[in-house]
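> Only the shape, not the letters, is given here:
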């Protein structure tokens, strides 16, 4: 059974039941993926293990606000070592809520694979149909719900979550602003998006300028040198130990990009200048782009 639908079918049954999926006639399933998000509880737990150090919060002494940009040096347990722009190294304890530690990066369709956790915002009409295409799709990793508070949980729990609490529990379709969370099933070249939001199969359209954003709440994808913004508290006069309120790591790399082809070595022979010249000309020819090499399969764009 295919998971891809022509745009006419996708538009006509945005929030449909499972039977709608049997009518899809697809042409392409997400393949050729070159990366994956952090997986399962191991990724969820990374960076949040209780450490022996506690900077101020439990002791009631970290009362001076600080906010600064830095580069990531290393991390161990729930402690990050970062280097500020002035060269000072600072030890930062992660926030109490995992939702306040965020790794954000751009992604391309080649990075997607079925089963990834995704979410998006939508504004639904009276019949439950989105009033506009999806502009932004976030890819995220699971978080232990016991570590989240209130409506924070909805951003990680599969389902269609209405902003209107009074409308919840009604038998009719959801309407108004909603957050849709679920497992990716397919994204076709025409912009048709399919996911399973808990027990609700969702089909909708995306904008031609769709933004794909990785947004995970752990350190599994962070690398030394990544830019970090820290806001938190410290105990004066020591600014090198900070209890973070928020941490944002936002590298400039793009996930799903095809790496540049390896530089080809010149094949100069020993058969004289003519042969050497031929080999030099051969070496000057550009390599075929990796995404166009025979046998490669990827998402059409």
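Okay, I see it. Since we're looking at a predicted model, the values are computed, not measured.

> all strands for the stretch 151-300 of the chain, in order.
159-162, 176-187, 192-197, 200-216, 227-234, 241-249, 254-255 (DSSP state E, counting those that start in this stretch).

> count of neighbours near residue 191?
For residue 191, the neighbour count with other C-beta atoms under 10 Å is 16. C-betas here are computed from N, CA, C, even on glycine.

> residues in contact with the residue lying closest to residue 236 once chain neighbours are set aside?
Counting by C-beta to C-beta, 6 or more residues apart in numbering, the nearest residue to residue 236 once its immediate chain neighbours are dropped is residue 64, at 5.0 Å. Contact analysis of residue 64 by C-beta atoms under 8 Å, 6 or more residues apart in numbering lists 233, 234, 235, 236.

> List only buried entries from these.
Among those, those classed as buried by 16 or more other C-beta atoms under 10 Å are 233, 234, 235.

> And the residue nearest to residue 236, what's its pLDDT?
We have a pLDDT of 95 for residue 64.

> And it, how far from residue 85?
Using C-beta to C-beta, to the nearest Å, residue 64 is found at 19 Å from residue 85.

> nearest to residue 226, of the buried ones among the contacts of residue 64?
residue 234 (21.8 Å; C-beta to C-beta).

> where does the closest residue to the closest one other than its chain neighbours sit relative to residue 191, distance-wise?
Excluding its sequence neighbours, the residue lying closest to residue 234 (C-beta to C-beta, 6+ apart) is residue 242, at 4.9 Å. For residue 242, the distance to residue 191 equals 43 Å [C-beta to C-beta].

> Surely residue 213 touches residue 106?
Yes - using C-beta atoms under 8 Å, residue 213 is in contact with residue 106, at 6.5 Å.

> Who has more neighbours out of the two?
Taking other C-beta under 10 Å, residue 213 and residue 106 do not tie; residue 106 has more neighbours (17 against 13).

> give me the beta-bridge partners of that one?
The partner list for residue 106 in beta bridges (DSSP bridges) reads residue 213, residue 254.

> Just confirm it contacts residue 255, I think it does.
Yes - applying C-beta under 8 Å, one finds residue 106 in contact with residue 255, separated by 7.1 Å.

> so what sits against both of those two?
Common neighbours of residue 106 and residue 255 (C-beta under 8 Å, 6+ apart) are residue 214.

> neighbours of residue 220, just the number please.
Residue 220: 17 neighbours (other C-beta under 10 Å).

> My guess is it contacts residue 140. True?
No - using C-beta under 8 Å, residue 220 is not in contact with residue 140; the gap is 12.0 Å.

> Low-confidence ranges, the stretch 151-300 of the chain, go.
Under the criterion pLDDT under 70, the flagged ranges of the stretch 151-300 of the chain are 166-171, 260-300.

> switch to 80 and redo it
Within the stretch 151-300 of the chain, the stretches with pLDDT under 80 are 165-173, 258-300.
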